[in-house]
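K.L.:
Let's see this in three dimensions:
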Amino acid sequence: MTATDHRVLFEVDHEKRIATITLNNPEQRNSYDAAMREEVARCLDRVAEDDDLTVVLLRGAGGVFSTGADMNNAYGWYGEDGEAGRERPSKSRPSQRRRLTVDRKSFGFYHNLLGFPKVTVGEISGYALGGGFEIALMTDISVIARNTKVGMPATRFLGPALGSLHMFFHRLGPVLARRLLLTGDIVEAGSIEHLGIFTETCDSTQVGARARYWAEKAAKMPADGVVIAKEAFRLVEQSQAYQGEEVASYLFHAFGTNLQFAPGEFNFVKTRAQYGTKEAFRLRDEHFDVPEPPSS
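P.N.:
Residues are numbered from 1 along each chain as shown. Presented below is the predicted three-dimensional model:
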């Protein structure tokens, strides 16, 4: 069974009570635009509404989970038209009211995934960056390859107030969360395996089979019991860790995407317009590269 957007595949195994959503944009390392994300949301709604399904397995095609939001057109997320259908000047930056409106909807997707009523299992390999990293952290059970690169590199050009901040601090812990957000570092999952952030860390050749194992294991649980438990889990997390999360995340993201850059600071949007996306990423990494000091 395939979803409307061919970049998102949707399959259902009613016998085993498992649905599978596959990000199918491997040429772009399974990055996603607004339309693709909305298709994932529609698939999740189908799972939530199907009483015969207990688990949804989230994965990416081509050995890559997701590199997050498609940055080929950063402002494209805010639409081509302004309020009341009036066309925005092509070089005009979105207003704060436009940012807040769009970001509120965007973070609604992540908020709903975080409180999804069925068991979510992540099959994570290759890259899990930006929004892909957030989705990986939001899954109930996560299987990740040791060589998977994870992080929030977009903080290097949008600032550290990016993403679901409450979730980062709760799932990663304050020390690692601050490190990744304040530096934009990308790390291999194996290097943080000892922190227990993911359910299981294994070799890349085992990720698919291990994720399927956990999905089938969870699917044997009583379906009503799972739904009740997920609501209980959400209540506990909301009361202990996520108070104000829904508002704070989109609010600070909206403000943070309207940065002014001082001389010498890297402006990704401007650089991309001048040199193209691929070269902009190279120049970004060159700008932020700081050699490690020699060990004594």
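K.L.:
Excluding chain neighbours, give the residue nearest to the spatially most central residue of the chain in space.
P.N.:
Closest to where the C-alpha atoms of the chain average out (CA atoms, centre = their mean) is residue 131, at 2.3 Å. Here the nearest residue to residue 131 in space, its sequence neighbours aside, is residue 68; by CB to CB, 6 or more residues apart in numbering that works out to 3.8 Å. (Each C-beta comes from the backbone N, C-alpha and C, glycine too.)
K.L.:
what about that neighbour, neighbour count?
P.N.:
24 (other CB atoms under 10 Å).
K.L.:
Can you name the residues that contact it?
P.N.:
Applying CB atoms under 8 Å, 6 or more residues apart in numbering to residue 68 gives the contacts 31, 32, 129, 130, 131, 132, 133, 134, 154.
K.L.:
nearest residue to the last one other than its sequence neighbours?
P.N.:
It refers to residue 154. residue 130 is the one closest to residue 154 (CB to CB, 6+ apart), at 5.1 Å.
K.L.:
quick revisit: so the residue nearest to the centre of the chain touches residue 65, yeah?
P.N.:
No: Residue 131 is not in contact with residue 65 according to CB atoms under 8 Å; the separation is 10.7 Å.
K.L.:
anything in contact with each of these two?
P.N.:
Listed as contacting both residue 131 and residue 65 by CB under 8 Å, 6+ apart is no residue at all.
K.L.:
quick one: low-confidence parts of the chain?
P.N.:
1-4, 73-92 (pLDDT under 70).
K.L.:
mind checking the end-to-end distance for stretch 182-195?
P.N.:
Taking CA to CA, to the nearest Å, the span from the opening residue of stretch 182-195 to its closing residue is 19 Å.
K.L.:
Distance-wise, check the closest residue to residue 148 other than its chain neighbours relative to residue 274.
P.N.:
Closest residue to residue 148 apart from its sequence neighbours, by CB to CB, 6+ apart: residue 189 at 4.5 Å. In this view, residue 189 and residue 274 are 34 Å apart by CB to CB, to the nearest Å.
K.L.:
who has more neighbours, the two?
P.N.:
residue 189 (22 against 11).
K.L.:
now residue 242, nearest residue through space, not along the chain?
P.N.:
residue 166 (4.8 Å).
K.L.:
which residues does that neighbour contact?
P.N.:
Contacts of residue 166 by CB under 8 Å, 6+ apart are 241, 242, 243, 244, 245, 248, 249.
K.L.:
where do the helices sit along the protein?
P.N.:
Ranges of helices in the chain, per DSSP state H, are 34-49, 96-114, 131-138, 155-158, 165-172, 174-183, 207-219, 223-240, 245-256, 268-275, 277-288.
K.L.:
most packed of the ones you listed?
P.N.:
Compared across these, helix 131-138 shows the largest average neighbour count, a mean of 25 (mean count of other CB atoms under 10 Å).
K.L.:
any idea how far residue 160 is from the residue nearest to residue 148?
P.N.:
21 Å.
K.L.:
Assess the claim that residue 40 and residue 32 are in contact.
P.N.:
Yes: with contact defined as CB under 8 Å, residue 40 reaches residue 32; the gap is 7.4 Å.
K.L.:
what is in contact with those two at once?
P.N.:
residue 23.
K.L.:
how near is residue 60 to residue 239?
P.N.:
33 Å.
K.L.:
ugh, wrong one, residue 221
P.N.:
Distance, residue 221 to residue 239, by CB to CB: 24 Å.
K.L.:
Please verify my assumption that residue 200 contacts residue 213.
P.N.:
No: Residue 200 lies out of contact with residue 213 (CB under 8 Å); the separation is 9.2 Å.
K.L.:
in stretch 12-27, what counts as buried?
P.N.:
Within stretch 12-27, the residues that count as buried by 16 or more other CB atoms under 10 Å are 12, 17, 18, 19, 20, 21, 22, 23, 24, 25.
K.L.:
just stretch 142-158 next, same as before
P.N.:
Within stretch 142-158, judged by 16+ other CB under 10 Å, the buried ones are 142-146, 148-158.
K.L.:
what separates the residue nearest to the centre of the chain from residue 155, distance-wise?
P.N.:
13 Å.
K.L.:
Check residue 258 too.
P.N.:
As for residue 258, its distance to residue 155 is 15 Å (criterion: CB to CB).
K.L.:
Just give me the neighbour total for the closest residue to residue 223 other than its chain neighbours.
P.N.:
Nearest non-adjacent residue to residue 223, counting by CB to CB, 6+ apart: residue 54, 4.9 Å away. Per other CB under 10 Å, the neighbour tally for residue 54 reads 24.
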